[in-house]
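*Asks:* sharing a model that was predicted from the sequence below.
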Amino acid sequence: MTTIDSVLGRRVWDSRGRPTVEAEIRLAGGATGRAIAPAGASTGSGEAVDLRDGGPAQGGYDVRRAVDNLSGPLAEALRGCDATDQASVDRRIVAVDGTPAKSNLGANACIAASMAAARAAAAALHLPLYRVLAGDGAVGLPLPEIQIFGGGAHAGRRIDIQDLMVVCPGAGSVAEALDWTAEIYRAAGALMDETHRRLGVADEGGHWPDFASNEEALEMLVRAIERAGLAPGDEVVVALDIAASEFGRAGRYRLALDDRELDSDGMIEMLLGWTERYPIRSLEDPLAEDDAGGFGRLMAAAGDRLQIVGDDLLVTDADRVAAAAASGNANAVLLKPNQRGTLTETLAAWRAAQTVGMDGIVSARSGETEDTTIVDLAVGWGAGQLKVGSIARGERTAKWNALLRIEEREQAPLARPRFL
Ligand code: PGA
Ligand code: ZN
């Protein structure tokens with residue numbers, strides 16, 4: 001009843017108006033599951049391949065080959081496989097692609113198939129997906145990490161920092177954390193309007209800012225928290241995704257907005273200065289993906305009080321996670337399923353992190369859709385933190401609203417990550 005009967009590829013649209021890949025899987029018993037691949041803009045060089053057609057149509061971003069790969073070779077490989085055995089589904093996906101980076105069939109086709117199989121299995125079992133993943137045990141809810149200002153590759157590089165986010169460790173529930181964040185988002189918008197600093201909405205729903213310096217963004221964020229009537233550093237803390245691979249290479253970092261060029265130690269000094277002046281508790285990709293040494297020095301200086309998150313550095317890869325832990329280069333891993341192409345490999349990265357006591361953040365991409373599978377992953381795997389962008393734009397609120405429904409159903413406690 002849970003064997004895969006058919007796999008269909010479908011070309012659908014993402015939040016940047018680009019084509020993307022949807023997989024629809026039907027099981028012998030009639031249950032179906034659907035899932036859509038997201039897409040990044042500030043991608044790490046070690047990510048699995050997001051297969052695009054190139055050429056003039058859709059700016060080269062079309063996915064007709066990836067869609068055909070789903071309906072063709074992937075469908076053939078998966079037919080007859082038991083959808084409730086995710087590991088064997090994903091082994092077949094890895095085998096039929098046959099390349100380390102899924103460059104043959106495309107990680108976008110592969111992750112859509114992998115997630116659709118999980119959804120079909122949950123439908124056949126008449127259970128929510130997070131429940132299938134968690135088993136019978138109690139679940140904890142991930143603490144939301146929510147964007148207020150977008151920057152970097154998500155806002156025309158108007159500021160260098162990519163994501164300025166708030167986390168509400170003082171909130172008693174997901175519902176309360178979202179309430180507080182919406183007040184901060186609104187206060188930030190009003191403050192920006194007063195000083196003519198708001199240009200619009202960035203790729204992940206945060207305000208698209210027109211600040212004079214990167215530090216002005218931090219000042220404005222703290223003022224917005226205060227104007228919302230909340231206590232910065234206590235009820236609400238700040239998390240940054242520097243996405244430093246976008247402006248740093250070979251130990252040189254060029255902050256265009258501040259007209260500054262820093263070496264690796266200069267970057268570390270600047271970031272540590274910020275953490276003294278602002279209630280920052282988490283730094284994602286504070287240094288470039290080719291600067292593991294810089295990560296190590298930052299960890300040595302502040303890894304006992306700050307969450308240092310590897311995104312481009314670790315690209316959801318279990319081996320890289322283990323190596324980073326052994327060299328002390330990060331204490332948390334960002335988990336993006338499409339960076340690897342299957343759920344099993346994504347889970348392996350999280351298990352590798354848990355084994356060595358690292359924290360985890362399940363994350364969306366800057367190009368998203370209404371698909372909410374990552375919410376189930378964050379809850380079902382007990383990742384402790386969830387990052388899906390801001391509290392505006394439907395592809396973002398689809399995820400927060402899914403998390404609210406899970407909270408209502410489970411009445412489960414909010415996770416309390418170490419550094420937040
Ligand atoms: P991306 O951004 O999806 O464009 O890579 C998200 C992130 O860097 O965390
Ligand atoms: Zn990132």
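*Replies:* Yep, it's here. Ligands and ions are numbered 1, 2, ... in the order given.

*Asks:* residues touching Ala217, list them.
*Replies:* 149, 151, 159, 161, 164, 209, 211 (CB atoms under 8 Å, 6 or more residues apart in numbering). In short, each C-beta sits where N, CA and C put it, glycine included.

*Asks:* what about the nearest residue to Thr3 once chain neighbours are set aside, distance to Asp5?
*Replies:* Leaving aside its sequence neighbours, Thr3 sits nearest to Ala28 (CB to CB, 6 or more residues apart in numbering; 4.8 Å). According to CB to CB, to the nearest Å, Ala28 stands 5 Å off from Asp5.

*Asks:* same check on Asn214?
*Replies:* If you measure Asn214 against Asp5 using CB to CB, the figure is 53 Å.

*Asks:* comparing the two, which residue is more hemmed in?
*Replies:* For the pair Asn214 and Asp5, the greater number of neighbours falls to Asn214 (21 against 17), based on other CB atoms under 10 Å.

*Asks:* pLDDT score assigned to the more buried one?
*Replies:* Looking at Asn214, its pLDDT is 98.

*Asks:* over to it: give its phi and psi.
*Replies:* The phi/psi pair for Asn214 (degrees, to the nearest 10) reads phi -60, psi -40.

*Asks:* so which residues of the stretch 51-200 of the chain form helices?
*Replies:* 64-69, 75-78, 86-97, 107-125, 129-134, 174-194 (DSSP state H, counting those that start in this stretch).

*Asks:* and the longest one, which residues are buried?
*Replies:* What it means is helix 174-194. 174, 177-178, 180-185, 187-189, 191-192 (16 or more other CB atoms under 10 Å).

*Asks:* ok, back up a step: make JSON lines out of the helices of the stretch 51-200 of the chain and add mean pLDDT.
*Replies:* Listed next are those as JSON lines, based on pLDDT from 0 to 100:
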{"stretch": "helix 64-69", "mean pLDDT": "98"}
{"stretch": "helix 75-78", "mean pLDDT": "98"}
{"stretch": "helix 86-97", "mean pLDDT": "98"}
{"stretch": "helix 107-125", "mean pLDDT": "99"}
{"stretch": "helix 129-134", "mean pLDDT": "98"}
{"stretch": "helix 174-194", "mean pLDDT": "98"}
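
*Asks:* just the closest residue of the protein to ligand 2, please.
*Replies:* Asp311 (3.5 Å; CB to the ion).

*Asks:* find the nearest non-adjacent residue to Ala398, please.
*Replies:* Glu370 (4.7 Å).

*Asks:* state whether that neighbour is indeed within a strand.
*Replies:* No - according to DSSP: H, G, I helix; E, B strand; the rest coil, Glu370 belongs to no strand; its state is coil.

*Asks:* excluding its backbone neighbours, what's nearest the residue nearest the centre of the chain?
*Replies:* Among the residues of the chain, the one closest to the centroid is Ser363, at 1.9 Å (CA atoms, centre = their mean). Spatial nearest neighbour of Ser363, chain neighbours left out: Lys387 (4.4 Å); criterion: CB to CB, 6+ apart.

*Asks:* next one: Gly106
*Replies:* Nearest to Gly106 is Leu51, by CB to CB, 6+ apart, at 2.7 Å.

*Asks:* so the one you found sits against Ala112, correct?
*Replies:* No - judged on CB atoms under 8 Å, Leu51 makes no contact with Ala112 at a distance of 11.3 Å.

*Asks:* out of those two, which sits in the more crowded spot?
*Replies:* Between Leu51 and Ala112, Ala112 has the larger neighbour count (other CB under 10 Å), namely 35 against 23.

*Asks:* who are the neighbours in contact with the residue nearest to Gly106?
*Replies:* By CB under 8 Å, 6+ apart, the neighbours of Leu51 are 63, 65-66, 69, 103, 105-109.

*Asks:* for it, grab phi and psi.
*Replies:* phi -80, psi 120.

*Asks:* what does the stretch 1-150 of the chain put close to ligand 1?
*Replies:* 40-43 (CB under 6 Å from any ligand atom).

*Asks:* when you check those against the strands, which ones overlap?
*Replies:* Applying DSSP state E to these, no entry is found in strands.

*Asks:* and the helices in the stretch 301-420 of the chain?
*Replies:* Counting by DSSP H, counting those that start in this stretch, the helices of the stretch 301-420 of the chain are 318-327, 343-355, 373-380, 394-410.

*Asks:* now these in a markdown table, with distance to ligand 1 and mean pLDDT?
*Replies:* Converted to a markdown table, these look like this (distance: least, CB to the nearest ligand atom, whole Å; pLDDT from 0 to 100):
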| stretch | distance to ligand 1 | mean pLDDT |
| --- | --- | --- |
| helix 318-327 | 16 | 98 |
| helix 343-355 | 15 | 98 |
| helix 373-380 | 12 | 98 |
| helix 394-410 | 12 | 98 |
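
*Asks:* tell me which of the ones you listed is the most buried.
*Replies:* helix 373-380 (a mean of 26; mean count of other CB atoms under 10 Å).

*Asks:* what comes into contact with that helix?
*Replies:* Residues contacting helix 373-380 (CB under 8 Å, 6+ apart): 35, 115, 118-119, 128-134, 139-142, 335, 337, 343, 346, 362-364, 383, 385-386, 388, 399, 402-403, 406.

*Asks:* equivalent analysis for stretch 68-80, please.
*Replies:* With CB under 8 Å, 6+ apart, stretch 68-80 has contacts from 3-9, 21, 23, 25, 51, 89, 92-93, 95-96, 105-106, 109-110, 112-113, 117.

*Asks:* with stretch 4-13 instead?
*Replies:* Outside stretch 4-13, the residues that touch it by CB under 8 Å, 6+ apart are 19-28, 36, 63-64, 66-71, 74-75, 78-83, 89, 109, 112-113, 116-117, 120, 369.

*Asks:* model confidence over it, on average?
*Replies:* Mean predicted lDDT for stretch 4-13 stands at 98.
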